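**Q** Below is the structure, and that's it, no one-letter string:
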């Protein structure tokens, strides 16, 4: 899909050209051209092992391509300084594990490090941003608790708060709802929608298809290391596409809350024996 066909009419800041990615000798993605739509809430879906998280990691400079390149504003991100990239885009990886020896406040405060320089040290503005991020995820009362003392869901919200505190125009989130109960999943995705409404560019990897369809303004479907389809959810999500990508027989109805597609898996009669 060409840049001219992307939504919004704005040039994409983050793109790939002939991108190939490998883990060891295993090729995951081959010669992919991709553009992250500017100002959109993009959600990437696909079966396990199709390359969703690998693509997101490469987009954030967290993985060196085996071929091709990732460009931010026309510059190869592998050749840019890490601090400069960290001021432009933030990545929350799937199940981050470091930080247990820190307090909640100290971990969230790490999101401000890309903004620190020799001439600009910690400031009242940094204090305000960290407090605001903690308030957004309802963890301000736990600011002085050790991260190791928190539940898995609370830890995930701390990491998300650190991502908020980084205040980047591009936000990449790999399975951000991991460990969260349904109420906190909706709360976090509502926060993502607020970021979208503020003009930020988001890219999320989600496994829950119906949550993906409800929140995405732009949907990317991946299969076997390639983009199967991308576009508006209501345009590319069909019973046939879900069956081809996920091997799932389903019905598609309209979500009564959002008007977006809602996937209803068909009952496979005879599988469950009573």
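**A** Everything's here; your move. Computed from a predicted model, the values in this text were never measured in an experiment. Residues are numbered from 1 along each chain as shown.

**Q** which secondary structure elements does the helix or strand hosting residue 187 contact?
**A** Per DSSP states H and E: residue 187 is located in helix 182-197. In terms of contacts (3 or more CB pairs under 8 Å, 6 or more residues apart in numbering; DSSP states H and E), helix 182-197 is packed against strand 41-45, helix 152-166, strand 170-174, strand 201-205, helix 209-215. For the C-beta atoms, the positions are set from N, CA and C on the backbone; glycine is no exception.

**Q** which residues does residue 143 contact?
**A** Residues near residue 143 by CB atoms under 8 Å, 6 or more residues apart in numbering: 103-105, 134.

**Q** Neighbour-wise, give me the winner out of those residues.
**A** residue 104 (28 neighbours; other CB atoms under 10 Å).

**Q** What's the local residue count around residue 152?
**A** There are 11 residues near residue 152, going by other CB under 10 Å.

**Q** Pull the residues that contact the helix or strand where residue 84 lies.
**A** If you go by DSSP H and E, residue 84 is part of helix 82-88. Contact with helix 82-88 is made by 13, 60-61, 72, 77, 113-115, 166, 168-170, as judged by CB under 8 Å, 6+ apart.

**Q** What are the buried residues along that helix?
**A** 85-86, 88 (16 or more other CB atoms under 10 Å).

**Q** same question, stretch 41-49
**A** Across stretch 41-49, burial judged by 16+ other CB under 10 Å covers 41-46.

**Q** Need the max-distance pair from these.
**A** 41 and 46 (17.4 Å; CB to CB).

**Q** got a list of what residue 237 touches?
**A** 213, 219, 252, 261, 263.
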